[in-house]
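J.: sequence unavailable; structure follows:
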């Protein structure tokens with residue numbers, strides 16, 4: 001049986017948090033901030049650490065830009081929390097940003113593979 005190795009934990013790369021948040025909300029629907037951070041931690045197999053000091057300013061920025069909306073609700077632990085959801089404008093932005101990211105990832109892969 002192959003031994004699974006874990007990578008050291010990492011902060012989210014600059015410029016990617018908005019994309020990760022939008023994709024998470026697009027996939028799972030409305031979530032509160034802590035649930036977004038936990039989902040990103042889970043999907044990354046515990047590699048990404050999204051701290052509140054980065055996440056909440058990103059959510060406020062996305063809300064200000066019209067990419068997400070928010071409403072107050074109650075968590076599964078009966079606590080009051082703001083739930084964020086992606087908007088139509090957010091879905092358009094997600095598509096644009098994902099396309100840019102995929103193109104850049106392709107370029108990076110070619111450069112790292114030595115295809116100059």
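T.: Cool, got the structure. Remember, predicted model here, so these are calculated numbers, not experimental data.
J.: any low-confidence regions in the chain?
T.: For the chain, the stretches with pLDDT under 70 are 1-11, 14, 115-116.
J.: which ones are touching the residue nearest to the spatial centre of the chain?
T.: Nearest residue to the geometric centre of the chain (Cα atoms, centre = their mean): residue 20, 2.0 Å. With contact set as Cβ atoms under 8 Å, 6 or more residues apart in numbering, residue 20 has these partners: 12, 40, 48, 50. Yep, even glycine has a C-beta here, placed from its N, CA and C like the rest.
J.: do the same with residue 55
T.: So residue 55 contacts 17, 21, 33, 36-37 (Cβ under 8 Å, 6+ apart).
J.: name the nearest of the residues you listed relative to residue 65.
T.: residue 21 (11.8 Å; Cβ to Cβ).
J.: and that closest one, how many neighbours does it have?
T.: For residue 21, the count of nearby residues is 29 (other Cβ atoms under 10 Å).
J.: which element is it on?
T.: Secondary structure assignment for residue 21, by DSSP states H and E: helix 17-28.
J.: ok, and for that helix, which residues are buried?
T.: By 16 or more other Cβ atoms under 10 Å, the buried positions in helix 17-28 come out as 17-25.
J.: now swap in stretch 27-40 and tell me
T.: For stretch 27-40, by 16+ other Cβ under 10 Å, it's 30-33, 35-37, 39-40.
J.: with stretch 97-111 instead?
T.: Quick answer for stretch 97-111 (16+ other Cβ under 10 Å): residue 97.
J.: can you list the residues that contact that stretch?
T.: With Cβ under 8 Å, 6+ apart as the test, stretch 97-111 has contacts from 16, 18-19, 22-23.
J.: closest one of those to residue 84?
T.: Among the contacts of stretch 97-111, residue 22 lies closest to residue 84 (Cβ to Cβ), at 9.9 Å.
J.: hmm, the closest one is touching residue 93, no?
T.: Yes. Between residue 22 and residue 93 there is a contact under Cβ atoms under 8 Å: 6.5 Å.
J.: who touches both of the two?
T.: Counting by Cβ under 8 Å, 6+ apart, the residues touching both residue 22 and residue 93 are residue 67.
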